[in-house]
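In: Predicted model, plus sequence, below.
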Amino acid sequence: MTPSTDSSTVHLLRHGQSAFNAVFDETGRDPLVFDAPLTPKGVAQAEEAADGVRRLAPELVVTSPLTRAVQTALLVAGGLDVPITVEALHREHLGNSCDIGRTPRALAEDFPGLDFGHLPETWWYSGVPDERGVPVEPEAVLQERVAAFTDWVARRPERSILVVGHAVFFSRLVHQHMRNAELREWRVPAGV
């Protein structure tokens with residue numbers, strides 16, 4: 001695709017509370033919940049964020065393939081006539097069990113309306129696992145993904161894009177922490 005000559009407006013939305021967040025925020029311990037789904041509170045947070053998303057009228061919704069992000073994207077885009085694209089570049093930094101994904105086939109079974117066919121079988125970081133069985137992604141690898149995602153977004157033709165993703169990835173992208181279901185505008189850096 002040809003990069004747009006005018007900058008696009010990109011809004012970032014962190015997913016709602018996940019089953020991992022609910023335990024980790026209370027205990028500081030990884031509860032070993034792999035590819036954590038939304039909690040009922042997370043679903044309510046996403047439903048509340050939907051009004052703000054509708055006012056933005058995005059031309060495209062881009063979601064990470066992690067279940068909590070996909071669930072959030074589907075909830076906030078409900079009722080909008082807008083395509084939802086799954087992109088693994090902005091998946092969460094793999095540092096905990098919840099950041100280990102599932103195969104494209106498993107995701108397609110749970111979310112049949114979305115296309116996961118372009119994803120590799122293992123689209124998350126897969127290094128040497130630690131004592132929890134979690135392969136922690138090096139910071140340099142995360143920074144490469146941030147740069148690649150920035151370039152990917154800059155080349156999109158849409159003028160208004162909603163990106164549904166994750167706290168650590170977004171903190172590296174915008175240099176600020178985002179709360180669950182927080183919506184924030186991001187200007188793609190010029191010259192990317």
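Out: That came in fine, so what should we check first? Residues are numbered from 1 along each chain as shown.
In: Run through the strands of the chain in chain order.
Out: Under the criterion DSSP state E, the chain contains strands at 9-14, 60-63, 84-86, 160-165, 183-187.
In: The third one - contacts with which helices or strands?
Out: Of the remaining helices and strands, those touching strand 84-86 by 3 or more Cβ pairs under 8 Å, 6 or more residues apart in numbering; DSSP states H and E are strand 60-63, helix 67-77. The way it works is simple: take the backbone N, C-alpha and C, and place the C-beta from them, glycine included.
In: Make TSV out of those and add mean neighbour count and mean pLDDT.
Out: Below are these laid out as TSV (neighbours: other Cβ atoms under 10 Å; pLDDT from 0 to 100):
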stretch	mean neighbour count	mean pLDDT
strand 60-63	24	98
helix 67-77	25	98
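In: Need those in CSV (columns: distance to residue 86).
Out: Below are the helices and strands packed on strand 84-86 laid out as CSV (distance: least, Cβ to Cβ, whole Å):
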stretch, distance to residue 86
strand 60-63, 6
helix 67-77, 7
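In: returning to that earlier point: which one of the strands of the chain lies closest to residue 134?
Out: Residue 134 lies closest to strand 160-165 among the strands of the chain, at 19.3 Å (Cβ to Cβ).
In: quick one: strands adjacent to the closest one?
Out: Here strand 160-165 is paired, per DSSP bridges, with strand 9-14 (parallel), strand 60-63 (parallel).
In: how about the ones you listed in a markdown table, adding distance to residue 114?
Out: What follows is those, written out as a markdown table (distance: least, Cβ to Cβ, whole Å):
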| stretch | distance to residue 114 |
| --- | --- |
| strand 9-14 | 17 |
| strand 60-63 | 8 |
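In: do you know how far the residue most central in space within the chain is from residue 88?
Out: Using Cα atoms, centre = their mean, the residue of the chain that lies closest to the mean C-alpha position is residue 165, 2.1 Å off. According to Cβ to Cβ, to the nearest Å, residue 165 stands 11 Å off from residue 88.
In: shared neighbours of the two, which are they?
Out: Here residue 165 and residue 88 share the contacting residues residue 64, scored by Cβ atoms under 8 Å, 6 or more residues apart in numbering.
In: hmm, who's touching stretch 128-144?
Out: Contacts to stretch 128-144, defined as Cβ under 8 Å, 6+ apart, come from residues 30, 32, 93-97, 99-100, 125-127, 168-169, 172.
In: Listing request: residues of the chain with sub-threshold pLDDT.
Out: Applying pLDDT under 70 to the chain picks out residues 1-7, 191-192.
In: if we go to 90?
Out: In the predicted model of the chain, residues 1-9, 78-79, 187-192 satisfy pLDDT under 90.
In: so where do the helices sit in it?
Out: Using DSSP state H, the helices found in the chain span residues 19-27, 40-56, 67-77, 104-110, 139-154, 167-174.
In: The last one - contacts with which helices or strands?
Out: Read it as helix 167-174. Right, helix 167-174 is packed against strand 9-14, helix 139-154, strand 183-187 by 3+ Cβ pairs under 8 Å, 6+ apart.
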